[in-house]
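S.K.: Next comes the sequence, and after it the predicted model I'd like to discuss.
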Amino acid sequence: MLNFFKKKKKKKDSLVAKESQHKTHHFHSLLVKDIKKETADCVSVAFSIPENLEEEFKFLPGQTLTLKSMINNEDV
């Protein structure tokens with residue numbers, strides 16, 4: 001294959017590189033905005049994000065959040 005037939009691929013942001021931009025990891029209290037039942041085994045949860053935290057909560061597809069809550073006086 002000749003080089004001039006190759007498409008130049010646009011470099012995508014790395015999930016690891018994006019995550020490393022957030023040097024301090026800590027929890028924020030957020031309000032649940034919406035809960036949508038997707039399937040019998042799956043729900044989507046949307047949160048209300050305050051303006052001052054919008055940059056911290058810009059994620060790429062595939063990234064995850066760690067959630068915690070107090071249930072029966074236990075941090076879960």
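M.R.: Received, thanks. Just so it is clear, the structure is predicted and the values come from calculations on it, not from any experiment.
S.K.: Export only the CA atoms of the top strand by length along the chain, formatted as CSV.
M.R.: With DSSP state E setting the assignment, residue counts place strand 31-39 as the longest strand in the chain. Extracted in CSV, the C-alpha atoms of strand 31-39 (Å, rounded to 0.1, in the frame of the first residue of the first chain):
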residue,chain,number,x,y,z
LEU,A,31,-29.3,16.1,43.0
VAL,A,32,-30.9,13.4,40.8
LYS,A,33,-32.5,15.2,37.9
ASP,A,34,-34.1,12.1,36.1
ILE,A,35,-34.2,8.3,36.3
LYS,A,36,-35.0,6.5,33.0
LYS,A,37,-35.7,2.7,32.9
GLU,A,38,-33.7,1.6,29.8
THR,A,39,-34.3,-2.2,30.1
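S.K.: List the strands paired with that strand, with their directions.
M.R.: strand 42-48 (antiparallel) (DSSP bridges).
S.K.: For the partner strand, the averaged confidence score.
M.R.: For strand 42-48, mean pLDDT is 90.
S.K.: After it, which helix or strand is next?
M.R.: Following strand 42-48 in sequence order, the next helix or strand is strand 70-71 (DSSP states H and E).
S.K.: so what strands line up beside that next one?
M.R.: strand 74-75 (antiparallel).
S.K.: Can you get me a residue count around residue 30?
M.R.: Neighbourhood size, residue 30 [other CB atoms under 10 Å]: 15. (Each C-beta comes from the backbone N, C-alpha and C, glycine too.)
S.K.: That one reaches residue 54, doesn't it?
M.R.: No: with contact defined as CB atoms under 8 Å, residue 30 does not count as touching residue 54 (11.9 Å).
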